[in-house]
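Participant: my questions are about this predicted structure, shown below with the sequence.
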Amino acid sequence: MTRTFILYSYGTTDDFNLDRLFESGRIDLVCRCVIGALWISNDVRRDTQIIIVLNTGRRPPVSIKFDGNKILGIEASELSIAQVIKKALSVVKDKEWANVQSGVSVSRRSFQEIVKDAKNVYVLDAKGKHISNFKPENPTFVLGDNVGLPKNEMSFALRKGEKVSLGNKVYLASSVVSVVNWILDQ
Ligand SMILES: C[S@@+](CC[C@H](N)C(=O)[O-])C[C@H]1O[C@@H](n2cnc3c(N)ncnc32)[C@H](O)[C@@H]1O
């Protein structure tokens, strides 16, 4: 069983200041989603990947893939992950996945290109089908950041899969990732 998260982010593709993650299109939020997707206490979820798609700055989009099976040398801290994102932005060339370091690769693929290649897609949205009794095989979960998924990206993702919901309340993106992991762990 594998799990994949795809996060649409308004984070910057420009170089950013590690002391100003909030002002870089919420790279702080992106880092927390990566932590929630991949880390449990003192270990990494080896069956899980998260792909973040950064969509602002001078040359968007940039997609960065974190693969729990191969991750080495990254701590479960915003600073550690932000440093890797910075490194990825300095390495990215074209649409081919380029190695950044073990378990991390980067590409100029767009959100739609990433979603197009994904299987068993579920779009996380408060207005979807309730997630109780949900037993998917090798699911891919799509979610937005603090702004949410743009309409056109939502429509595109819904061509591949249905909406699933954690309930009526709208939660922080990183909380949604953690709760989905918890549900799949049961
Ligand atoms: C902070 S929310 C986005 C808020 C944004 N203003 C909106 O209304 O879309 C971040 C993301 O978490 C996911 N999300 C939030 N609450 C959810 C819920 N109750 N069920 C499923 N997904 C949820 C959605 O993918 C959303 O784009």
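Facilitator: Here it is on my side, so go on.
Participant: the residue of the chain found nearest the ligand in helix, strand or coil?
Facilitator: For the chain and the ligand, the shortest gap (Cβ to the nearest ligand atom) falls at Gly148, measuring 2.4 Å. All C-beta atoms are positioned from the backbone trio N, CA, C, and that covers glycine. When classified by DSSP: H, G, I helix; E, B strand; the rest coil, Gly148 comes out as coil.
Participant: flag every residue of the chain that's near the ligand.
Facilitator: Contact residues, the chain versus the ligand (Cβ under 6 Å from any ligand atom): 124-126, 143-144, 146-149, 165-167, 169-173, 176.
Participant: quick one, which of these are buried?
Facilitator: Neighbour-count burial (16 or more other Cβ atoms under 10 Å) is assigned, among the residues of the chain next to the ligand, to Leu124, Asp125, Leu143, Gly144, Gly148, Leu149, Ser165, Leu166, Ala173, Val176.
Participant: so Ser107 sits against Lys95, correct?
Facilitator: Yes. Contact criterion Cβ atoms under 8 Å: Ser107 and Lys95 qualify, at 5.5 Å.
Participant: quick one, which of these two is more surrounded?
Facilitator: Ser107 (22 against 12; other Cβ atoms under 10 Å).
Participant: any idea how far Glu96 is from Arg108?
Facilitator: Per Cβ to Cβ, to the nearest Å, Glu96 is found 9 Å from Arg108.
Participant: nope, Gln101 is what I was after
Facilitator: Taken as Cβ to Cβ, the span from Gln101 to Arg108 is 18 Å.
Participant: same thing with Ser90?
Facilitator: 14 Å.
Participant: more crowded one of those two?
Facilitator: A direct count of neighbours by other Cβ under 10 Å for Ser90 and Arg108 places Arg108 higher, at 17 against 10.
Participant: got phi/psi on the residue of the chain most remote from its centre?
Facilitator: Distance to the chain centre peaks in the chain at Asn133, reaching 23.7 Å (criterion: Cα atoms, centre = their mean). Phi and psi for Asn133, reported as degrees, to the nearest 10, are phi 60, psi 30.
Participant: one more: the one 3 residues further on?
Facilitator: With angles defined as degrees, to the nearest 10, Pro136 shows backbone torsions of phi -80, psi 160.
Participant: tell me the contacts of it?
Facilitator: Shown in contact with Pro136 (Cβ atoms under 8 Å, 6 or more residues apart in numbering): Asn120, Tyr122.
Participant: before we move on, what about Ala157?
Facilitator: Val115, Val121, Val123, Val142, Leu149.
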